[in-house]
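In: Pasted the sequence and its predicted model underneath.
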Amino acid sequence: MKPVLYKQRKNKMVSGVCAGLADKFGWDLPLTRVLTALLMYFTGFGVVLYILLAIFLPYKEDVIEDQFGTGPRKRKDADVIDDDKEGWFW
């Protein structure tokens, strides 16, 4: 199951929650930060919500790595050719 929300290492200021939300929903990043600051200022719930999201959300780069994998390509397991049995001579 892939996560619906994520945070982002790129363009982050504090923990990347606003950058991840802006990337996920296609919002403008400065507008997202202003709205988050207003939510934190006018309600105490905004601070708690931001801290919980910062702790529990995975990074977008980690989600992509889990989906598609990274690293060197693996060599296929092939049978070893025995020169004596196959009749190859060089």
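Out: That came through, no problem. Here the structure is a predicted model, which is why all the values come from computation and not from measurement.

In: center of this protein - which residue?
Out: Residue closest to the average C-alpha location in the chain (C-alpha atoms, centre = their mean): residue 60, at 1.9 Å.

In: which regions of the protein sit below the pLDDT cut-off?
Out: The model of the chain has pLDDT under 70 over residues 1-3, 69-90.

In: which residues are in contact with the longest helix along it?
Out: The helix spanning the most residues in the chain, taking DSSP state H as the definition, is helix 29-42. Outside helix 29-42, the residues within contact range by C-beta atoms under 8 Å, 6 or more residues apart in numbering are 11, 13, 17, 18, 19, 21, 22, 45, 46, 47, 49, 50. C-beta here means a position set from N, CA and C on the backbone, and glycine is covered the same way.

In: now the strands for the protein?
Out: Counting by DSSP state E, the chain has no strands at all.

In: so the residue nearest to the centre of the chain makes contact with residue 17?
Out: No: between residue 60 and residue 17 no contact is recorded; they are 11.4 Å apart, counting by C-beta atoms under 8 Å.
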